[in-house]
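Colleague: need coordinates for the below:
(one chain, ligands or ions: 3)
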Amino acid sequence: MKVYLIFITFGNLLHLFECVKKDIVFVVDRSGSLTSDDINGTIDFIYNVTSYLDIGSDNVKISIVSFNDEVHTEIKFNDYSTKEELLIAIANLKGMSTNGGTYTYDALNHVRNSTLTSDGARDDAEKLVVVMTDGASIDLVATIAMADKLRNDLSAELFSIAVGSKPDQIEIDGIANDPDNYYVHSVSDFLYLCNMIPSLVPKLDEGAVANVASDCPVEPGVTTEAAAVIEETDSSSSNWVWILAAILGAILIILLLICCILFLKKKKRKPKEKTETYKNIEFSTSRPKVQGKAISFRESSILSNNGWTSGVNKELVESSIYNLNRESTASLSSVMYRDMFQFKPESKQNQWVE
Ligand SMILES: *[C@@H]1O[C@H](CO)[C@@H](O)[C@H](O)[C@H]1NC(C)=O
Ligand SMILES: *[C@@H]1O[C@H](CO)[C@@H](O)[C@H](O)[C@H]1NC(C)=O
Ligand SMILES: *[C@@H]1O[C@H](CO)[C@@H](O)[C@H](O)[C@H]1NC(C)=O
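Modeller: Ligands and ions are numbered 1, 2, ... in the order given. Model (predicted):
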């Protein structure tokens, strides 16, 4: 418990020294396509987001601009000095009327001309713009061009929050900074705005942490962002495990096959019957030399003169050896046997020992 408290205090201290000034403008679509419920949902959302931020003259300040055919500044950065007053003012925006067209370009122009340059904006604050809309603006090209101007002229960071199925994705992505997967948020209905609060709040104020409200309805067919991230890393890591296992398995099978082939080959080479193998048998008139089981007759001068004869049959070799065994000088002066030849000695006589 003590350790826990120390950590909390330490975190708060860090937070105090952080002192990142941020001017955040919410740009709220109030065109005719929105219902009173939708506007109330939007205001609830901004209220809840703001409640998680570190509001103060050295920290975060909030402004709210609404638009349809016209642009209205609802709350300026310097209208309220405390978070409590600010939250009450935001709550009072509920019930705002909706009508007219989606002049997003005008709203962004207003943000550039007034909200972020006067209206209590601080020169030394980072500038963030959160655009909330349910439909395509009447001028996509001009809207994106003005968003770019805000980025270039004021170094503003723009977020898009698209609600419903009507927003033009090109416009939504064009308004937002890059990468879109960080700056663009979409939900299918105002009802589900509450789901994006935990991911949006830390992007607006690094130190802030927010949870999903317990009564927040889950959007059908959409996994929550946190769950999606876990699922993604899970499936990608398990994919890797499977791929590795498959490679190892394949290597093992190949090694086993190679072993089997080598083993079978070795087995094949082994003669089944007990026979003796005579290699490079050369016959000459000189004394025979016996090396182990291979009989070879060296100094084959006569034979090399006469040339080699291969393919000698078994009987001939057998009888030759028998003859050589009996008489110390050989008579087989014209025969050489080079190739491997196998035969079964009939008697011990055929075993030569020097
Ligand atoms: C929106 O909020 C206002 C103010 O709280 C309320 O009067 C109005 O009935 C709400 N609209 C809906 C559709 O609930
Ligand atoms: C606002 O912006 C427009 C277009 O960028 C410009 O023509 C106009 O002079 C600006 N107004 C103010 C009051 O700065
Ligand atoms: C705002 O927060 C309240 C209290 O947690 C919650 O009941 C409500 O659903 C939230 N609304 C939105 C839009 O976030």
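Colleague: alpha carbons only for contacts and neighbour counts from here, please
Modeller: OK.
Colleague: now for the residue lying closest to V60 once chain neighbours are set aside, how many residues are close by?
Modeller: Leaving out its chain neighbours, the residue that sits closest to V60 by CA to CA, 6 or more residues apart in numbering is K22, at 4.7 Å. The tally of other residues near K22 (other CA atoms under 10 Å) stands at 24.
Colleague: swap in L193?
Modeller: L193 has 23 nearby residues by other CA under 10 Å.
Colleague: up against ligand 1, what does the chain have?
Modeller: Within the chain, the positions adjacent to ligand 1 are S36, D37, N40, K94, G95 by CA under 6 Å from any ligand atom.
Colleague: go again using 8 Å as the cut-off
Modeller: By CA under 8 Å from any ligand atom, the residues of the chain that approach ligand 1 are T35, S36, D37, D38, I39, N40, A91, N92, L93, K94, G95, M96.
Colleague: quick one: low-confidence residue ranges for the stretch 1-150 of the chain.
Modeller: 1-19 (pLDDT under 70).
Colleague: in it, which residue sits nearest ligand 3?
Modeller: For the stretch 1-150 of the chain and ligand 3, the shortest gap (CA to the nearest ligand atom) falls at F45, measuring 3.9 Å.
Colleague: three-state assignment of that residue?
Modeller: The local conformation at F45, judged by DSSP: H, G, I helix; E, B strand; the rest coil, is helix.
Colleague: coming back round to it: including neighbour count, distance to K61 and secondary structure, could the residues of the chain next to ligand 1 go into TSV?
Modeller: Shown next, in TSV, are the residues of the chain next to ligand 1 (neighbours: other CA atoms under 10 Å; distance: CA to CA, whole Å; DSSP: H, G, I helix; E, B strand; the rest coil):
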residue	neighbour count	distance to K61	secondary structure
T35	16	28	coil
S36	16	26	helix
D37	14	26	helix
D38	20	24	helix
I39	22	22	helix
N40	18	22	helix
A91	16	16	helix
N92	12	18	coil
L93	18	17	coil
K94	17	20	coil
G95	14	23	coil
M96	14	22	coil
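Colleague: burial check on the residue of the stretch 151-300 of the chain at minimum distance from ligand 3, number of neighbours?
Modeller: Nearest residue of the stretch 151-300 of the chain to ligand 3: C194, at 3.6 Å (CA to the nearest ligand atom). Counted with other CA under 10 Å, the neighbours of C194 add up to 24.
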